[in-house]
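K.L.:
Show me how the following folds:
(one chain, ligands or ions: 1)
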Amino acid sequence: MSYIKHMAYAVKSVDETLRRYQTLLGIGHDARVVVAEKSRIKVAIFNVGDVEYQLNESLDADGRFSQWIADRGTEGLHHICYAVEDIDAALESALEEGGTLKLCSVCNVFGSHPHPEGYVAFLEEETGGIELELMQVYTPEELEQYKSIRGI
Ligand SMILES: [Zn+2]
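P.N.:
A predicted model of the protein is given here:
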């Protein structure tokens, strides 16, 4: 059983996009806006029902999301992250069906590897033109372990 962990958008301005959600739809008033110096992004995170939205803005003109917008000529839905129970099993099944692992451009790693919220992997194949991310969300114990290793 999988569900949508988050939908990540590439935007030119987090503030402007967030304001539109707030004024036009009345959502996102509780958004957390974080500037991540290490990954050089500004991100707004909020929930729409059970789905987490992430609005991503690169801090640099040649950043990951700036580049993506420049390549397509427009902002848009960058990827959808699906939560899976067992990422190794999910990947094994996807690869058996002809799927291909995609490089994580942030970590430079193929296949399952730890991210702040869980083990993630990317697939080369897209659905409806949207990049696929899989995540096995950490248990509270795994989250503690990740934080202690990273010294967070
Ligand atoms: Zn990564």
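
K.L.:
and the lowest-mean-pLDDT helix or strand in the chain, anywhere near the ion?
P.N.:
The weakest-scoring helix or strand in the chain, judged by mean pLDDT, DSSP states H and E, is helix 140-150 (a mean of 92). No: applying CB under 5 Å from the ion, one finds helix 140-150 separated from the ion by no less than 12.7 Å. For glycine as for every other residue, the C-beta is placed from the backbone atoms N, C-alpha and C.

K.L.:
which outside residues touch that helix?
P.N.:
The contact list for helix 140-150 (CB atoms under 8 Å, 6 or more residues apart in numbering) reads 114, 116-118, 138, 152.

K.L.:
Quick one: mark the members of these that sit in helices.
P.N.:
If you go by DSSP state H, the contacts of helix 140-150 have nothing in helices.

K.L.:
Pick out the most distant pair among the residues you listed.
P.N.:
Maximum pairwise distance in the contacts of helix 140-150, criterion CB to CB, is 14.7 Å, between Gly118 and Ile152.

K.L.:
if we can go back for a sec, next one: the least confident helix or strand of the chain to chain centre, how far?
P.N.:
In this view, helix 140-150 has its centroid 19 Å away from the chain centroid, taken as CA atoms, centre = their mean, to the nearest Å.

K.L.:
Stretch 48-68: which residues count as buried?
P.N.:
Residues 52-58, 63-66, 68 are the ones in stretch 48-68 that count as buried (16 or more other CB atoms under 10 Å).

K.L.:
Please name the nearest non-neighbouring residue to His29.
P.N.:
Leaving aside its chain neighbours, His29 sits nearest to Gln22 (5.7 Å; criterion: CB to CB, 6 or more residues apart in numbering).
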